[in-house]
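1. no sequence for this one, just the structure:
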């Protein structure tokens with residue numbers, strides 16, 4: 001997969017991938033936007049990032065999967081639900097040949113919004 005060197009926007013990032021991958025990236029982006037409409041979209045670390053009271057989540061496309069980065073807290077909180085997927089301390093891999101687990105992604109993003117909001121307000 002070829003992605004554009006140093007995209008300036010999430011749209012540019014997505015356009016650097018084949019159509020099937022673009023569809024999954026757009027779907028993931030829309031899920032995040034729906035759950036966190038106030039989050040700002042940015043490119044950080046050369047990948048799509050949603051920012052709300054700090055980094056909320058990141059995502060990226062690779063040859064066989066979509067990487068989703070909801071921080072280590074986002075992974076540990078949903079470790080049981082993520083057990084079907086290859087994951088590490090702060091990341092999870094969603095295979096390109098499987099549907100995105102939309103309901104699970106929504107729960108993780110909701111959790112991250114709450115976590116970042118509480119951190120901002122000192123809760």
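-> Nice, thanks for sending it over. Bear in mind the structure is a predicted one, so any value in this text is a computation, not a measurement. Numbering: from 1, shown residues only.

2. Would you map the helices across this protein?
-> Under the criterion DSSP state H, the chain contains helices at 10-15, 19-35, 71-77, 102-120.

3. I'd like those as CSV, with distance to residue 57 appended.
-> (Each C-beta comes from the backbone N, C-alpha and C, glycine too.) Below are these laid out as CSV (distance: least, CB to CB, whole Å):
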stretch, distance to residue 57
helix 10-15, 12
helix 19-35, 6
helix 71-77, 7
helix 102-120, 6
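
4. Any chance of CSV for the ones you listed, columns distance to residue 92, mean neighbour count and mean pLDDT?
-> Shown next, in CSV, are these (distance: least, CB to CB, whole Å; neighbours: other CB atoms under 10 Å; pLDDT from 0 to 100):
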stretch, distance to residue 92, mean neighbour count, mean pLDDT
helix 10-15, 19, 17, 97
helix 19-35, 12, 16, 97
helix 71-77, 6, 17, 96
helix 102-120, 9, 17, 95
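
5. right, and these - which one's nearest residue 56?
-> helix 102-120 (5.2 Å; CB to CB).
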